[in-house]
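**Q** Could you look at this predicted model? Sequence included:
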Amino acid sequence: MKNLKAIRLSNGITQKELSEKLGVTQQAISLYESENRQADYDTLKLFADYFKCTIDYLVGRVDEPNLVHYEIPNAEGMQIAIDIVEDALKEGLTPEDIKKFVALAKEMKNSSNKD
């Protein structure tokens, strides 16, 4: 798994800790990280679920660990969002300010999902 070590380290977890949390031997994790052993589908899902990333990221097919999921809001939800943006513009926020706010909100949501 090309990116297993990178995502493990970025989450501040050792091979031993990961081994204990997932019930996979430390030796197997080492072999997966060095790509001397291929993980089966269930093991890939186990790691992807734990790190909240895609299997494609773990095996190196994509560079981003997470897919971006967009929910299509219903008509009422869409109107609420439009009203909020219109009010923000009336209050003097620029479109760039609104983009920064949305990016910060996404970052905070992603951060809270890791807990």
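**A** Great, that's in hand.
**Q** Scan this protein for its longest helix.
**A** Within the chain, and with DSSP state H defining each element, the longest helix by residue count is helix 95-113.
**Q** Packing partners of it?
**A** Applying 3 or more C-beta pairs under 8 Å, 6 or more residues apart in numbering; DSSP states H and E, one finds that helix 95-113 makes contact with helix 75-90. All C-beta atoms are positioned from the backbone trio N, CA, C, and that covers glycine.
**Q** Show me which positions of the helix it packs on end up buried.
**A** When neighbours are counted by 16 or more other C-beta atoms under 10 Å, no buried residue of helix 75-90 is found.
**Q** could you say what helices and strands it packs with?
**A** Counting by 3+ C-beta pairs under 8 Å, 6+ apart, the packing neighbours recorded for helix 75-90 are helix 95-113.
**Q** mind running it again at 7 Å?
**A** Using 3 or more C-beta pairs under 7 Å, 6 or more residues apart in numbering; DSSP states H and E as the contact test, no helix or strand touches helix 75-90.
**Q** Off-centre distance for stretch 102-114?
**A** 10 Å (C-alpha atoms, centre = their mean, to the nearest Å).
**Q** who's in contact with the strand or helix carrying Lys21?
**A** For Lys21, the host element (DSSP states H and E) is helix 15-22. The set of residues that contact helix 15-22 without belonging to it, under C-beta atoms under 7 Å, 6 or more residues apart in numbering, is Arg8, Thr25, Gln26, Ile29, Ser30, Leu46, Tyr50.
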